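Chemist: Generate a structure from the sequence data that follows.
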Amino acid sequence: IAGMEGHICDNCVEQAHAIVEEEFKKEKGFDTTGIKLMKPIEIKKFLDQYVIGQDQAKKILAVAVYNHYKRLNQPVSADETEIE
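Modeler: Below is the predicted model:
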């Protein structure tokens, strides 16, 4: 990662991420692997209870939330290939 004031190698980023993730789990007892995923249609039905109209926006948001939590539930391995 290159910034205006310095650079951080990929290995250091991965190691820092692992440390922060481990500390966060210890302190908060938070583990994303146990999150129950609601389907996008269920998320939209939930949004329907609180948001009037905006059906297209609710559909897009529901899919985005579903995909976000689906990614969080995937275990992170150090040998993954990152595609930019």
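
Chemist: where in this structure is pLDDT low?
Modeler: 1-6, 24-35, 75-84 (pLDDT under 70).

Chemist: quick one, helices of it?
Modeler: Along the chain, counting by DSSP state H, helices occupy 10-28, 40-48, 55-72.

Chemist: With mean neighbour count as new columns, can the ones you listed be given to me in CSV?
Modeler: Quick note: C-beta positions are derived from backbone N, CA and C, even for glycine. Formatted as CSV, the helices of the chain follow (neighbours: other C-beta atoms under 10 Å):
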stretch, mean neighbour count
helix 10-28, 11
helix 40-48, 16
helix 55-72, 14
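
Chemist: Domain ranges for the chain, per the record?
Modeler: Domain assignment for the chain by automatic domain parsing gives 1-30, 32-84.

Chemist: okay, now residue 50: neighbour count?
Modeler: 7 (other C-beta atoms under 10 Å).

Chemist: who's in contact with it?
Modeler: For residue 50, the contact set (C-beta atoms under 8 Å, 6 or more residues apart in numbering) is empty.

Chemist: Quick check: residue 40 touching residue 63?
Modeler: Yes: if you go by C-beta atoms under 8 Å, residue 40 and residue 63 touch, sitting 4.8 Å apart.

Chemist: My guess is residue 61 contacts residue 47. True?
Modeler: Yes: in terms of C-beta under 8 Å, residue 61 counts as a neighbour of residue 47; the distance is 6.8 Å.

Chemist: ok, residue 58 touching residue 44?
Modeler: Yes: with contact defined as C-beta under 8 Å, residue 58 reaches residue 44; the gap is 5.1 Å.
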